[in-house]
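Trainee: sequence first, then the predicted structure:
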2 protein chains.
Amino acid sequence: MPAPAGPTVASPHDAADRTPAPLAGGTRGPEALRPLLGTVLDALDEGTATRRGPFPAGGPEAVTARLRARAAPALPETGTGAHEALHTLVTALAEGAADPAHPHCAAHLHCPPLALAAAADLAAAALNPSLDSWDQAPAATALEALTTRALAALAYPRHPAPDALVTTGGTESNQLALLLAREAARETTREAARGTARETTGRATGQPTRAATEEPARAATGKPARSPSRQPAPEAAGEPAPERTTRPLRILCGANAHHSIHRAAWLLGLPAPTTLPTPTGILDPTLVHTALTDPTTTGTPTLVIATAGTTDTGSIDPLPALADLCHTHGARLHIDASYGGPLLFSDTLRPALDGLDRAHTIAIDLHKLGWQPVAAGLLAVPDSTALHPLAHHADYLNAPDDTGAGLPDLLGRSLRTTRRPDILKIAVTLRALGRRGLGDLVEGVCTTARHFADLIDAHPGFDLYARPTLSTVLFRPTPTDDRTTAGLRRTLLHHGHAVLGRTTTPEGLWLKATLLNPHTTPDDLRTLLTLVEGQVRR
Amino acid sequence: MPAPAGPTVASPHDAADRTPAPLAGGTRGPEALRPLLGTVLDALDEGTATRRGPFPAGGPEAVTARLRARAAPALPETGTGAHEALHTLVTALAEGAADPAHPHCAAHLHCPPLALAAAADLAAAALNPSLDSWDQAPAATALEALTTRALAALAYPRHPAPDALVTTGGTESNQLALLLAREAARETTREAARGTARETTGRATGQPTRAATEEPARAATGKPARSPSRQPAPEAAGEPAPERTTRPLRILCGANAHHSIHRAAWLLGLPAPTTLPTPTGILDPTLVHTALTDPTTTGTPTLVIATAGTTDTGSIDPLPALADLCHTHGARLHIDASYGGPLLFSDTLRPALDGLDRAHTIAIDLHKLGWQPVAAGLLAVPDSTALHPLAHHADYLNAPDDTGAGLPDLLGRSLRTTRRPDILKIAVTLRALGRRGLGDLVEGVCTTARHFADLIDAHPGFDLYARPTLSTVLFRPTPTDDRTTAGLRRTLLHHGHAVLGRTTTPEGLWLKATLLNPHTTPDDLRTLLTLVEGQVRR
């Protein structure tokens, strides 16, 4: 591909200066950052003004061509200097952005971040702590422990020592939930093989609520037990393959579960999940009961996946009934509350999550209803001991004598090694807004969704799929067909007028509005509907 | 633990204002960000000045207590407002940071980020594109494609269509490399079972250099083929377990390989790697040859892991000899160049990586020698078709009719779903500095390391482990013992005087200086040595 003409000569100012480019940290970091941030803000202004709407017009080819004309070559021999590079590339990115802060950008669980959270994230980048060892992140380690425990306590209010890991999002949280279930199943199988299992029905994995209340309260040291089986064995050649359970973990989920459940099973070498139909959008306890009592699977360790806020419709599975079934039949329960979890912040909406704290693991994202820049995922557990299977050892990061001398051991808190302190922006947001402030925002977007549903209901030209549970509204012109609906969505994108998502139900394809912008007004919603209507009539 | 007194009342200004907190995006984002960024920069200044050195003094308990006194409660009922929260928490984080921009913070592959990269990252947070679908990140998609291909071409200069994925770091890159090898091994086993394997010696996985040069050049569409086997099957209950190969992938690595190789094997359900001893710090081709020709493993698909820049000593394995062995014996080769990969930017240092482009996969981190804030990892492959096993389908993100209509399909470019555009800061850095500017920085820190080695060599009170290959220098007082050396490191940390790492070799424990700061001067190095010496003499 021929590279468009691009920068080849440095500006005189940069060329004359052989001092290495300034750093973001240290005593001189803030003064180095100040003018560069000015350039970034100006470029954001300029690019956003040029875009003039929620989305760049012209479709993929045009957008890509415009970006390439600005940005190529990506790796020039000689640089253009910091200000030119920031101005050029930030302007290009802003001009070609799907802007979730625009009220007509409402396709995905893709939230507009709060300014204060984005500002906090700058400090994470400038200081660059890495949460794989305490000596790279002393204060960040303490801030993460404090903040994750506060959030875990919101999810598990009746447990003495709940904990949460910070993840890159629901996908990683779901992976970790499946991994913890896989390891628990191996342990169960080992116990059964040793004849020490408490029961043979698979109940050895326990139920978190009961287990925790029966257990004496203990100090939360945050130090996972070592799993020597995963330490590198430097001198051993030809180790045997790890033991294979004859009954690998069975995963039961609904068709409404997030695609990452299936991908995680594949990643972890587990059998594909058993997927139960969910024609109404939620998991039917009757079907789960049938699957759990299937005589051909007696004794098979089982993980049930429930969803609190599905991606497609924003529905919440019947959590209390599913928790009861898991308890009765000795199955583990993971609740993917990536979307709905932040209802916990709201006094009025929290009851919709009744039963949540009976899960063994809970995924919650704060880059959805939480208004954080990506990434801000969490995996909550009822007790920090539940994270022990993730314990890991690497001498340069958590040597036994260092840990013995009191240096916190962080490796068991993620499968990543180097790890950005995403907790900072979260902590700043929790402190700035408080639980009530966040609850107000969550209630606000749910109200916006109900208002949008009202508008659709009252409009003769549109069908509403259902009243919204969270902030997702499915609708479509009437009459229509799937091909027309899909084309309508792409046309709105092509013109840069609106960004809407899509969902298929047994009734066919719908347009999806995922309303996550707390500043969206009734007028914005009326205009959005008018835009869609205008496109239908063309 | 009793929570210290914390904020319970909002400031009058915030309490009076019921408008939701301002957003970072949209036309009003830049004006909302400007004063908040001022607060952040002031807090960074203040916290850094209070710390007065590379590291907070007092050890884990004191650092944690200071942080908690400022930051608790983490989730107050009522918020304190944006400026109070930013000022309090950013000051606390800066005061308690291990600052890699300080020349005496040199323990880990934990680099001081460039101010321009941190500034660019702010725009990523403000615009918040998510790289799981084109309609969330139109320009970011194009920028990522352009930039990753330019970087992949640096690693694979003789291949027509190299490609690279953006990862959270070497750990994720290594996971993906093992996953691609696992899937290739399954394919090989399937082919063998069908009697269609080209050979029976395991050579079916090919050698990338030869394969690519034999293959006709093709358009790099970036559209991975679909793997329907991983599509959710909504209506199917009780699917069979995926086929198990009788010979799972064998992984051969040195004891010098990164711990994440072992963890990735565990994650992926693979047998533990066979670990060959590396008493000299590098992988011995003779031992690899013996392992590859072990008659008990004939026909077993094998992945050899080489390292270009080990974490412990900065050594580079003999890449050409290892690539020859892999070619001869039909093994796959992954090179973990997380640390050493950026030598590619330098004309003088690049020859140390000869053989790199014969790997099937290469891990390169730009948050090590690349001066990016975390995360900035890459996994490079010689041809984008090598990424096809990662193809994945989720109707709301890459419906066939949308892909057919030309909307780029991004799900196969990561195992994450929601994904922050880490490419922006990378692209800004490449453009601002150019290849030569980055090469200068890489050469600079390698020169700094040689200079530090000279100082140690000339000092009668210290032993030098070896001349540095990259920018890692191992040294220790003489005489000493392991317990004293480990205690010395912790004492320097406790006083906040210096942050040094640790490495164990057959000769015992060493202090490790990983020199990644391009602004470190000879004077800084002399002072560092004097600080260590002073602590030895106490």
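Mentor: Here it is on my side, so go on.

Trainee: return the helix or strand in chain A with minimum mean pLDDT.
Mentor: helix A:208-214 (a mean of 37; mean pLDDT, DSSP states H and E).

Trainee: tell me, how many residues neighbour residue A:45?
Mentor: 18 (other C-beta atoms under 10 Å in any protein chain shown). Using the backbone N, CA and C atoms, a C-beta is placed for each residue, glycine as well.

Trainee: cool, and residue A:186?
Mentor: For residue A:186, using other C-beta under 10 Å, the count is 18.

Trainee: and what of residue A:385?
Mentor: Counted with other C-beta under 10 Å, residue A:385 comes out at 16.

Trainee: give me the pLDDT value at it.
Mentor: The model reports residue A:385 with a pLDDT of 98.

Trainee: spit out the contact partners of it.
Mentor: Shown in contact with residue A:385 (C-beta atoms under 8 Å, 6 or more residues apart in numbering or on different chains): residue A:161.

Trainee: and it, how close does it get to residue A:414?
Mentor: Distance of residue A:385 to residue A:414, given as C-beta to C-beta, to the nearest Å: 17 Å.

Trainee: next one: residue A:265
Mentor: In terms of C-beta to C-beta, residue A:265 sits 20 Å off from residue A:414.

Trainee: try residue A:123
Mentor: Taking C-beta to C-beta, one finds residue A:123 at 20 Å from residue A:414.

Trainee: quick one, which of those two is more surrounded?
Mentor: Shown here are residue A:123 and residue A:414; by other C-beta under 10 Å, residue A:123 has more neighbours (30 against 22).

Trainee: quick check: angle from the helix or strand containing the more buried one to helix B:115-127?
Mentor: Using DSSP states H and E, residue A:123 maps to helix A:115-127. Counting by axes from the mean of the first three to the mean of the last three C-alpha atoms, to 10 degrees, helix A:115-127 lies at 160 degrees to helix B:115-127.

Trainee: so for the very next helix or strand once past helix A:115-127, what's the average pLDDT?
Mentor: Once helix A:115-127 ends, the next helix or strand along the chain (criterion: DSSP H and E) is helix A:138-155. Regarding helix A:138-155, the rounded mean pLDDT is 98.

Trainee: what's the spacing between residue A:483 and residue A:476?
Mentor: Residue A:483 sits 12 Å away from residue A:476, taking C-beta to C-beta as the criterion.

Trainee: the two: which is more packed in?
Mentor: residue A:476 (27 against 10).

Trainee: residue A:137 against residue B:98, yeah?
Mentor: Yes: with contact defined as C-beta atoms under 8 Å, residue A:137 reaches residue B:98; the gap is 6.5 Å.

Trainee: give me the common contacts of these two.
Mentor: With C-beta under 8 Å, 6+ apart as the test, residue A:137 and residue B:98 both reach residue A:129.

Trainee: mind listing what residue A:531 touches?
Mentor: A:104, A:492, A:497-498 are the contacts of residue A:531 under C-beta under 8 Å, 6+ apart.

Trainee: helix, strand, or coil at it?
Mentor: Put simply, residue A:531 is helix when judged by DSSP: H, G, I helix; E, B strand; the rest coil.

Trainee: so, low pLDDT: which residues of the stretch 201-350 of chain A?
Mentor: A:201-246 (pLDDT under 70).

Trainee: strands along the stretch 201-350 of chain A, start to end?
Mentor: For the stretch 201-350 of chain A, strands defined by DSSP state E, counting those that start in this stretch occupy the ranges A:250-254, A:274-276, A:302-307, A:332-336.

Trainee: fine by me, thanks again.
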